Every structure is written in C-alpha cells, then in structure tokens.
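*Asks:* Take this sequence and fold it.
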Amino acid sequence: MFFKALACDFDGTLAADDRIMPAARAALDEARRAGLRLVLVTGRTFFELTRVCDCLDVFDGVVAENGAVLYYPRLAMIRDQGPPPPGMLLAELEQRGIYYQAGRVIVATTRADEARVKEALAAVGVTRERAYNRAALMLLPAGVSKGTGVQHVLRFLELSPHDVLAIGDAENDLALFAACGWSGCPANGVPAVQASVDWVFPGEAGDGVAAAITGPILHDRLPVAESPRHRVSIGWVVATSEPVTIPARGINLLILGDPHSGKSWLAGGLVERLVGARYAVCVIDPEGDYRVLARLPGIERVEIHDVGEVERALESVRHDPAASIVLDLSALRHATKVAVIERALRCIRDIRQVVGRPHWVLVDEAHYSLHREGVADEALGLEHRGFCIVTYRPSWLRERVMGAVDVLVAARTTAREELDRLGEVVPPLAGASGAALETLAHLPRGEFLVRSRGAAGGGPALTFVAAPRQTVHVRHLAKYVDSRVAAGREFLFRRPDGHVVGGADSLHAFRRGVLEASSDVLAHHAAAGDFSRWVRDVFGDAELARQLHKIEARWTRSELKDLRRAVDAVITVRYGTDG
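*Replies:* Residues are numbered from 1 along each chain as shown. Next comes the predicted model:
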C-alpha cells in the first residue's frame, strides 16, 4: 500500500454535527486493519474534543487545538506545545462581552468578533497569532499550527511526511497539507483548499472521505505519479532550456548508456535531489561509485563485507524517516555480490511494506544482478515502484525488469545489440517509432534522452543536459582494473624516437606503465600532453585529464622534480584507492 498514514481533520472532514459519521468511523477501522497509522488533527480545544469524539483510541496520535496540544491515546500521554491562555486576556475578552472558549493553550472565538479581539489583544499587550477555520477564529502562540503539531507526531511515530496523506476542508488545514507529502479534501472543502490539494474526493464530509478511504486510498488507485506537486528536476532541454522533471514517486526509472556516457553522474545527481527533498534513498553500489554521496548530510555509507551485515546496515532506514544509505559492495568478491544484493532487496522489500521506506532504491550495474539467473523475482518488489535501475547492458536485464520500467533516461548508446533490445522496449514507453533510438547513438557525452510510458511519439527527440551536482562523481578504480579499452585505443609508451616500448589497455595497466617506464619516455609524453589527452578521450574523465594536464605543464616549466610520482599520485587520489 502506497500510503502508510492518514492525517484527518475533524469538523467538515470526518465529522458533522459534532460526531464522526458512521461511514467515516467504519472506514477508519478498515484503514487500521489494513495497517495504516491514523492521526486526528483538529482546531477543537482538547476538552471539547474529548466530549464530542468517543473514539480517540482509534488514532495513533491526536493533534488538538490547531497544533497546540498533542495526545497519544495508547500511551495516555499529552504534551502542550505552548503556554496556557494569559488570564488577563481572558478577563479582557469577558469584559468586552466577547464569547470565547479557552483550551489548554488556545483561545477559540468567532471570526465576526475579530476586530474586537484585536483591540483586546492590544489593550493587554498579549501576542497571539490568528488562525481561521471557516467562521471560527483561534488565537495561538507564535509558530504553532496544525502543520507544526503534525510534524511532531510524525517524528514520534517514525513516519516520513512523504508517506502521509492529509485530508481536510478549511483554511487552517493548509498548514496541515504543507506538513504532509500528499493532500486531499472532500467536495465541501473551501475553494482555497480545493485549489491546493492533490485530489478532491467526490461527496461531502465523512461520507465522501469514507468512500475515498475504502476505495482509491486503500486500493492504491490514486495516480500519485501524475501529481504536478511531486516532481524532481533532472536537467534542462538543450534546445530551449525548459526544465526537465520526472515524478518523485510512483515510477520505476531506467538509466542507461555506454560506459563513460554520464549515466552515473546523472544517477548520483538524482540521489542528491531526492535526499535534499527528504526522500529516503538506498543505493546498492556494487563498485563503490557512489561513496562520495556520504559527504552530504543525511546519507550514510556502509561498506558491506558479508551477507549478514546487510540487515544491520538497513536498520537506520527502518527507524529514521529521513535516513538514506549507500551500501558499498566494492570490497566483496564479484561471485558473492548477487547473493548480497538479493539479501538487501529482500530486506528492503520487507521494510517498505511496513514503513514505506526507502522511497527509492537505486541498483547500479544492474545487468550483473537483475539478469535471468540473478536476483529472484520475488525479492524485487518492482510492483511497489520507486526503483532506479542503472546499466550499460539493458539487453542482459530480464523481461520482468524491463517490463516494469515507467520512465527511460538514456545517455549515448552505440552498441547495436543494445539499441535493438531497446527497440523492443521503447515503443510502449515512447509511443512510436525508433527515431529516438537513432538519436541515442549520436548523443554527445553529458546529454540524455527521456521517454515516459504513454508519452506522445513521433517528432524530433528532445535531449537534455543534466542539472549540476553537489558532489564530484568519482569512479572507483577497482571497477576499471580489468576493464580493457577498445582495440586501437590503448596508450602506447614510446621513446623520443617513436619506438614503442610498452602499452596499456586499462587504467591499471597505464599506472603500472608509468611506474615502470624510463624517465625519457615519461618526459616525451608529458611534453606532448599525451597523458591528459588519452584520459580525456578514452575514459571521458575531464577532471583527471585537467589534473594531468596541469602536471604536464608544470613538468615542461621545470617546476616538478618527480614526474612519475606526480602522475601516479593524482590518479590514486582521484579514484580514492592506493591501487
């Protein structure tokens, strides 16, 4: 089930004439049996609420007095979020003949008396903020609202706002909506509320809310991926600079492209933006490419050495609504990684069923674990959405994985077998011809194509450039130790007379060649700028190429004593390993 909690207003939403309507009460009971947590949110004074609501114990938390009083029925615990009403204010209101109700914290009166209430506040020098609920006026301590009250309760219940649907009908519910990830109202909601929510449910008050709960809410029929309020930016259209966004929830995303095409840069940037918006993300990182994300607040990196460590590592996600984690599997032997990934995905599936988190699961190098003989189907939980699958070999992914993709983001893809495989999958995503696929083979590095299921096909394919990142993407050297470059793209170590004395078909071999080559060979290549040119053209690492170019320039100016050590050191630092 997509939502894990409902935060419902009382009057005009669940209740009419001071009572929760029978249909609404039955719907709340059904929601609780389905596993939803329930929070009641009301502007009523706490004493008044206990008089008119005889089922407070059905709720996990109660926010009363417009956020000023919190009550946890099962613990019989009550917490005031502000001071009691000043006695001199109550005396002034009485003296002026203004009707009011005093709660534990708030003072409730009528909107018709607002002008006289303002005069009374000024007369006694009391500071209170005013909140409105249709014809009612509430006087609150500064900074207190339904929104702040709900935030406290959600933290106490270890719930993420992104998993909570708020339902209300009046002006004071706007702060409630802002504190929760999703919002809805019955058809009797005031115009300002109807204009701000994700969904307006048919029917009025408790009957309309009851039908919504027992219908689309409990049966996951609300189109969460279509909400314009819940999107995340990934870049800008090359031709027009128009922002490019994708749904922040309710989709499975496939990011693909050739090695060094920029797909991991884009995936890392997506994680940064999701975490910045307080979504919980779990990155399954087979090669250590995402360890740099741990520099950001809220992201923990855990290096996994055996299967048993996975469940312990994911405990933070279970209990902290904003926790994100990178599971770094780079220390494992390749043969054991699939088993560890399967354990991680099973654990994540079980945690998500209970608490809804992590909201996103990114599986890098997915072709190594999601092929036909890889992770078992039942471990995935792709039907719950929220997967980001990153690969340069989509042809290796099993049918069920490819069939569950809702949005495709593709970088440069040149291999014919991969384009042919995409030709089988893209039509239901792009809606039409293979024009978009032909574009992929010629995309510059750093440009991408995006297609969504049901999108209009035909016409020119629009490409976009990725939004900037906060962290520098670092490729882990271990990933490239045995990754050979294409024939004809090796680095050839030559003496000044042009005689070839050695070659390197991988970055590791290049480092070894630098350490073993004679000084005259190194000096010859440094003077010609060969080191930086090869890294830039073959590996596409502009940052490492820039650093090598700086070393080459310093060498030609006689500012560097040990060229060999300088080249080796800059590669070691860049890729975070001592090789």
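*Asks:* got the domain boundaries for the protein?
*Replies:* Domain ranges of the chain: 5-81+144-222, 231-474, 478-574, per automatic domain parsing.
*Asks:* Out of these, the one nearest Leu121 is which?
*Replies:* domain 5-81+144-222 (15.8 Å; CB to CB). Glycine gets a C-beta too; all of them are placed from N, C-alpha and C.
*Asks:* now for the helix ranked longest in the chain, which elements pack on it?
*Replies:* Longest helix of the chain, by residue count under DSSP state H: helix 334-355. For helix 334-355, the packing partners by 3 or more CB pairs under 8 Å, 6 or more residues apart in numbering; DSSP states H and E come out as strand 281-285, helix 309-313, helix 315-319, strand 360-363, helix 377-380.
*Asks:* For that helix, buried residues please.
*Replies:* 337-338, 340-349, 351-352, 355 (16 or more other CB atoms under 10 Å).
*Asks:* follow-up on the earlier one: buried deepest among the domains of the chain, which one?
*Replies:* Of all the domains of the chain, domain 5-81+144-222 carries the top mean neighbour count, a mean of 21, counting by mean count of other CB atoms under 10 Å.
*Asks:* returning to that earlier point: now the helices and strands packed on helix 334-355 in TSV, with distance to Leu154 and mean pLDDT?
*Replies:* Shown next, in TSV, are these (distance: least, CB to CB, whole Å; pLDDT from 0 to 100):
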stretch	distance to Leu154	mean pLDDT
strand 281-285	19	96
helix 309-313	24	91
helix 315-319	13	89
strand 360-363	19	97
helix 377-380	29	86
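*Asks:* As a markdown table, the ones you listed with distance to Pro496 would be great.
*Replies:* Listed next are the helices and strands packed on helix 334-355 as a markdown table, based on distance: least, CB to CB, whole Å:
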| stretch | distance to Pro496 |
| --- | --- |
| strand 281-285 | 43 |
| helix 309-313 | 53 |
| helix 315-319 | 57 |
| strand 360-363 | 48 |
| helix 377-380 | 57 |
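*Asks:* quick one: which of these is nearest Ile299?
*Replies:* strand 281-285 (7.8 Å).
*Asks:* Show me what secondary structure element comes after that closest one.
*Replies:* Later in the chain than strand 281-285, the nearest helix or strand by DSSP states H and E is strand 299-303.
*Asks:* and that following strand, which strands flank it?
*Replies:* Strand 299-303 has the following sheet partners, assigned by DSSP bridges: strand 324-328 (parallel).
*Asks:* now the partner strand, how far from the centre of its chain.
*Replies:* How far strand 324-328 lies from its chain's middle: 13 Å, per CA atoms, centre = their mean, to the nearest Å.
*Asks:* could I get that strand in PDB with only the CA atoms?
*Replies:* The C-alpha atoms that make up strand 324-328 are tabulated as PDB, following Å, rounded to 0.1, in the frame of the first residue of the first chain:
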ATOM      1  CA  SER A 324      19.500   7.400   3.300                       C
ATOM      2  CA  ILE A 325      22.200   4.900   2.800                       C
ATOM      3  CA  VAL A 326      24.800   3.700   0.300                       C
ATOM      4  CA  LEU A 327      25.500   0.000   0.600                       C
ATOM      5  CA  ASP A 328      29.100  -0.200  -0.800                       C
END
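*Asks:* neighbouring contacts of that strand?
*Replies:* 271, 274-275, 279-285, 288, 290-291, 293-294, 298-304, 310, 313-314, 316-317, 344, 358 (CB atoms under 8 Å, 6 or more residues apart in numbering).
*Asks:* so that strand versus strand 281-285, what angle?
*Replies:* Strand 324-328 runs at 10 degrees relative to strand 281-285, counting by axes from the mean of the first three to the mean of the last three CA atoms, to 10 degrees.
*Asks:* these two touch, right, Asp541 and Val535?
*Replies:* Yes - Asp541 lies in contact with Val535 (CB atoms under 8 Å); the separation is 5.7 Å.
*Asks:* Can you identify each of the strands in the stretch 351-500 of the chain by residue range?
*Replies:* 360-363, 387-391, 407-410, 447-452, 463-466, 491-494, 500-504 (DSSP state E, counting those that start in this stretch).
*Asks:* right, and the ones you listed - which one's nearest Asp258?
*Replies:* strand 407-410 (10.0 Å).
*Asks:* Okay, now the sheet partners of that closest one, with direction.
*Replies:* Strand 407-410 has these strand partners (DSSP bridges): strand 253-256 (parallel), strand 447-452 (antiparallel).
*Asks:* Take those and write them to TSV, including distance to Arg229.
*Replies:* Listed next are those as TSV, based on distance: least, CB to CB, whole Å:
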stretch	distance to Arg229
strand 253-256	19
strand 447-452	18
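*Asks:* which one of these has the lowest average pLDDT?
*Replies:* Averaging pLDDT over each of those singles out strand 447-452 as the lowest, with a mean of 89.
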